[in-house]
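Engineer: The following comprises the amino acid sequence and a computationally predicted model.
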Amino acid sequence: MEVTNIAQKSPSLPWKTRLTVSILCAATDASQRRDGTVNRRLLGFFNFKAPPNPNPINGVETSDITADPSRNLWFRLFVPTNPDQTLPVIVFFHGGGFVYLTADSKAYDAVCRRFARKVPAIVVSVNYRLAPEHRYPAQYDDGFDVLKFLDDNKSQVLPENADLSRCFLAGDSAGANLAHHVAYRAAESNFQKLKVVGLVAIQPFFGGEERTEPETRLSQLVSMKRTDWLWKAFIPEEEWVGRDHEAINVSGPRAAKIAAVERFPATMVFVGGFDALQEWQRRYYNWLKNSGKDVHLVEYPNMIHAFYIFPELPESGELISQVTHFIHKH
């Protein structure tokens, strides 16, 4: 499943998208302090949030459910109101470099609402802890613990038509990195009801010590300076071994022996031609493929990092449709 459009020399984006990207870049750069901390107060001005709404909007109702109050671990539940058949469950992890954004950010509320309506599916959007206040592996622990919470409390928190035996993990950027690591843990765990059958990795946030050609050439939303700062904020100082850490360079020299993990789910990897991380994403795809896994690559040669959160882009709708096809197939 590969897209082979002719690539352009620069991304063709509407002015609205360009303006939003510029604001996001400026806010990100301004919030990063030299001491490795983040100005959360400043970020609050740019992280527009959407409240949960039990009254259906575009055929989807939402609610927030707490999984562990001691660490403020919660998720937003998206339930389509019309379908009366059993529905797959998508556990979704938002992007933001492990440092930014939340499950109730307006952009991710809208994205998950689209998935719930279009697939259709029950969507669980996880509000995991953020770095640098909470560093690796806190985010992976939160993601996996939500799976355990769903498995233990299905009848209390999910609608009757939610089919946990058809569970898909999905995420973009850092959320796709998180989804991969949670999928790896889930494949080696035993649940009562939950079964992870698919992984949707949208432009996953990976890296390594090597500087790839796209990293040196591109800086649309993602740049080497920003990603270097984010990786240092994510990995604890005492565990820092460089960017070939197994959480960063998943297919690198410290990679897990994924070929031996029999229950690793079918995977879909999305890549953008104007994403500085594209080479690491292709290496991830090739690593899974060479390890004998069921993996599909979809390329959008003319798209930037995180393009699919911009509904004004036609490619955003195409991605939703391709994810829908992948879920129905599996």
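Structural biologist: Okay, I see it. These numbers come from a predicted model, not from an experiment.

Engineer: Provide the count of other residues in contact range of the nearest residue to residue 166 once chain neighbours are set aside.
Structural biologist: Spatially, and ignoring its direct neighbours in sequence, residue 166 is nearest to residue 88 (4.0 Å; Cβ to Cβ, 6 or more residues apart in numbering). Every C-beta, even on glycine, is put in place using the N, C-alpha and C of the backbone. Number of residues near residue 88 (other Cβ atoms under 10 Å) recorded here: 21.

Engineer: Bridging across strands, which residues link to residue 88?
Structural biologist: residue 163 (DSSP bridges).

Engineer: Would you map the helices across the stretch 101-250 of the chain?
Structural biologist: All helices of the stretch 101-250 of the chain, identified by DSSP state H, counting those that start in this stretch, fall at 106-118, 138-152, 154-157, 174-187, 213-217, 224-234.

Engineer: Convert the fourth one to PDB, retaining C-alpha atoms only.
Structural biologist: Taking Å, rounded to 0.1, in the frame of the first residue of the first chain, the C-alpha atoms of helix 174-187 are listed here in PDB:
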ATOM      1  CA  ALA A 174       5.700  10.800  19.800                       C
ATOM      2  CA  GLY A 175       2.300   9.100  20.100                       C
ATOM      3  CA  ALA A 176       3.300   6.600  17.400                       C
ATOM      4  CA  ASN A 177       6.600   6.000  19.200                       C
ATOM      5  CA  LEU A 178       4.600   5.300  22.400                       C
ATOM      6  CA  ALA A 179       2.100   3.100  20.500                       C
ATOM      7  CA  HIS A 180       5.000   1.000  19.200                       C
ATOM      8  CA  HIS A 181       6.500   0.400  22.600                       C
ATOM      9  CA  VAL A 182       3.100  -0.300  24.200                       C
ATOM     10  CA  ALA A 183       2.300  -2.800  21.300                       C
ATOM     11  CA  TYR A 184       5.600  -4.500  22.100                       C
ATOM     12  CA  ARG A 185       4.700  -4.900  25.800                       C
ATOM     13  CA  ALA A 186       1.200  -6.000  24.900                       C
ATOM     14  CA  ALA A 187       2.500  -8.700  22.600                       C
END
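
Engineer: follow-up on the earlier one: OK, contacts around the residue nearest to residue 166?
Structural biologist: 119, 121, 122, 163, 166, 167, 168, 327 (Cβ atoms under 8 Å, 6 or more residues apart in numbering).

Engineer: 6 Å - rerun?
Structural biologist: Neighbour list for residue 88: 121, 163, 166, 327 [criterion: Cβ atoms under 6 Å, 6 or more residues apart in numbering].

Engineer: try residue 295
Structural biologist: Going by Cβ under 6 Å, 6+ apart, residue 295 touches 267, 285, 288, 289.

Engineer: Just the buried subset of those residues, please.
Structural biologist: Those of the contacts of residue 295 that meet the buried threshold are 267, 285, 288, by 16 or more other Cβ atoms under 10 Å.

Engineer: and the second one, what element?
Structural biologist: Residue 285 is located in helix 278-290, with elements delineated by DSSP states H and E.

Engineer: How far off centre is that helix?
Structural biologist: 16 Å (Cα atoms, centre = their mean, to the nearest Å).
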